[in-house]
Every structure is written in structure tokens, then in C-alpha cells.
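Engineer: my questions are about this predicted structure, shown below with the sequence.
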There are 2 protein chains.
Amino acid sequence: MSWDTGTAGEPPVLHDPDHPPVEEIELTTVLAALAEPARLTILRTVATTGEASCSDIWERTGLGGTKSTMSHHYKVLREAGVLHMRYVGSRKFATIRRADLDTRWPGLLDAVLRD
Amino acid sequence: MSWDTGTAGEPPVLHDPDHPPVEEIELTTVLAALAEPARLTILRTVATTGEASCSDIWERTGLGGTKSTMSHHYKVLREAGVLHMRYVGSRKFATIRRADLDTRWPGLLDAVLRD
DNA sequence: ATCCAAGTTCGATGATCACCGAACAGTACG
DNA sequence: CGTACTGTTCGGTGATCATCGAACTTGGAT
């Protein structure tokens, strides 16, 4: 896949339609994404597990919700700029956008995860 | 005023009915309180101004809301454990519960304020 | 007592949100 | 092929939330 929106002759600008670029991540959106117990649990699970598929997260967190509810949470975390999703086959693997978040708000993620 | 709920002969336990004790402050509640642009503005104003009355905050932030809306935001921030309110006469002065928040989640407040 | 300034509280309203079930799409495997 | 697995999307529902206006309380000043 290639989300090339650049002009011919100029350096191509790859714009991932799913993930917001670093500079467009908003603090209030991040905070709102993390201000939900289930999503905070998801974040912590990914933090300790490393890259994990959605079904893995579902098992490890023990969150009782349905698939659609989980999918909703993933979407919120992804659109907020907290999680990065890697699509491989029919599975989806999540990682924390640590470098991006640390660049924008140093110490924020560490403070939230060290609890 | 005295919120003495202790038993006679035992060390009195002062329980402030307005502010949650440090150990009862919850992370998701704090994040939810800060995940609102107006409240984040209020927090930053108090952070730079120091102790400020509600009307001072209202003027300095330039938030356009009504008095009741502002009062609502103060209540959310206070009940979340973010702001401490000092009542003097008919005025109310707000400070950030920095020590308490730094104890629970070191670096969180700094990360949010350094933006 | 009178007036005003500072905040709170009480409905009410419109918006947003978390959650669900059902239907759907894509991939992997027999 | 069909079946199972993984995850999304869509409508709907009940709950929560931000905002407002109006009425109220309290305190200070004249």
C-alpha cells in the first residue's frame, strides 16, 4: 500500500490514513483516550507484552467486553495517536507509539504506565 | 470548621469532605478531568499564576463560559483531586495539588503542563 | 438595611460515549 | 470448495457530560 499524496517531482509525502502524524496528536484527545479503565488496561497490557494482536490483548486483559466493543477501543486509541496498528493477514498487531508520545510530552507515558 | 470524625480518646481523623485524600485519587478520574480543553486551560492558568480566585481565573483564561459552567469545571477538578480550594470569605482560591499528584504519578503533571 | 459581587445548585437540553448484537469482509486451513 | 477465525461496521440504547439560565446563598461594602 502507498498513501502517496505528493506531487510529481517532489518528495512524496506518505500520509497514513489510519494513524495521525506526530505533530497532529492532541493532548486532550490522548488524555480522553486513556481516561477509560478498559483502554488503560489495554495500554498497560501492550506495554508489558510488547507487540500484541487484538485477540491476544483480549485474552491477557481479561476484559469481558464483546469484539465490537474492543474494536471500538482500539479505534479510539489508534485515532488518538496512542497505539500503532500493524495489519498482517487477518490479524492486527498493536504497539505503543512511545517515541512519538515521548517526543510530544516527555514523561507522560512513563508516568501513566508507572502506576 | 472541623470535619472531625474520630472517636473520643483516639487521634482525630480530619476528613475534608470536599477534597479526596491522596490515596483515593484515581488516575482515570484525573485524566478525565484534564481531558477537557477548558479545564486544561484552567489548570495551566493556576500553574503559572499560582493561587488564584475563580473570578481571576475566569478573567485570565478568557474562557467564555458562564459562571455555572465554570463552577462545574472547578467541582470536577476538585473532586478529581487536581485542585485544592481554599474558601476565604465569599471568594474561593484554587491551587494545584502538586505534591499529592507528584507523589502518586511522578512526572505526570509536569508532562501535561510542559506543552 | 441595601446593594452588589462571588459562587453554588437545580433542572433542562443537546452532544458525546460505551456497550451490545447482528451482519459483514478478509484471511487461513481442511 | 466450505469452515473457522479475526476483526470491522452499522444501528440502537442507556448513561454520562458540557452548557446554559434562573434562582439562591453568602460575604463585603456603603
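Structural biologist: On my side now, so go ahead. Numbers count the residues shown, from 1 in each chain, chains lettered A, B, ... in the order given.
Engineer: all contacts plus neighbour counts: C-alpha atoms, from now on.
Structural biologist: Fine.
Engineer: which non-adjacent residue is nearest the residue nearest the centre of chain A?
Structural biologist: Centrality entry for chain A: nearest residue to the mean C-alpha point is A:Leu83, 1.0 Å, by CA atoms, centre = their mean. Once flanking residues are discounted, A:Leu83 sits nearest to A:Ile96: 4.6 Å by CA to CA, 6 or more residues apart in numbering or on different chains.
Engineer: with A:Pro37 instead?
Structural biologist: B:Thr28 (6.5 Å).
Engineer: where's that neighbour, which helix or strand?
Structural biologist: helix B:27-34 (DSSP states H and E).
Engineer: any idea of the angle that helix forms with helix A:27-34?
Structural biologist: For helix B:27-34 against helix A:27-34, the angle by axes from the mean of the first three to the mean of the last three CA atoms, to 10 degrees is 150 degrees.
Engineer: got a list of contacts for the helix or strand that contains A:Val112?
Structural biologist: Using DSSP H and E, A:Val112 maps to helix A:108-113. By CA atoms under 8 Å, 6 or more residues apart in numbering or on different chains, the surrounding residues in contact with helix A:108-113 are A:Arg44, A:Ala47, A:Arg98, A:Leu101, A:Asp102, B:Leu27, B:Trp105, B:Pro106, B:Gly107, B:Leu108, B:Ala111, B:Val112.
Engineer: do stretch A:40-55 as well
Structural biologist: Here stretch A:40-55 has contacts from A:Leu34, A:Ile57, A:Arg60, A:Thr61, A:Arg91, A:Lys92, A:Phe93, A:Ala94, A:Thr95, A:Ile96, A:Leu113, using CA under 8 Å, 6+ apart.
Engineer: and the second one, that's in a helix?
Structural biologist: Spelled out, it's A:Ile57. Yes - secondary structure assignment (DSSP: H, G, I helix; E, B strand; the rest coil) places A:Ile57 inside a helix.
Engineer: tell me the contacts of it?
Structural biologist: A:Ile57 neighbours (CA under 8 Å, 6+ apart): A:Ile42, A:Thr45, A:Val46.
Engineer: by neighbours, which of the residues you listed wins?
Structural biologist: A:Ile42 (25 neighbours; other CA atoms under 10 Å in any protein chain shown).
Engineer: do you know how far that one is from A:Thr69?
Structural biologist: Taking CA to CA, to the nearest Å as the measure, A:Ile42 falls 12 Å from A:Thr69.
Engineer: picking up where we left off before, of the contacts of A:Ile57, which are in range of DNA strand D?
Structural biologist: Restricting the contacts of A:Ile57 to those within reach of DNA strand D (CA under 7 Å from any atom of the strand) leaves nothing.
Engineer: take the residues you listed and write them to a markdown table, including distance to DNA strand C, pLDDT and secondary structure.
Structural biologist: Putting the contacts of A:Ile57 into a markdown table (distance: CA to the nearest atom of the strand, whole Å; pLDDT from 0 to 100; DSSP: H, G, I helix; E, B strand; the rest coil) gives the following:
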| residue | distance to DNA strand C | pLDDT | secondary structure |
| --- | --- | --- | --- |
| A:Ile42 | 11 | 98 | helix |
| A:Thr45 | 16 | 98 | helix |
| A:Val46 | 17 | 98 | helix |
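Engineer: could you dump the residues you listed to a markdown table with distance to B:Arg78?
Structural biologist: Conversion of the contacts of A:Ile57 to a markdown table gives the following (distance: CA to CA, whole Å):
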| residue | distance to B:Arg78 |
| --- | --- |
| A:Ile42 | 28 |
| A:Thr45 | 30 |
| A:Val46 | 32 |
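Engineer: so which bits of chain A are right by chain B?
Structural biologist: A:27-32, A:34-37, A:104-108, A:111-112, A:114-115 (CA under 8 Å from any CA of the partner chain).
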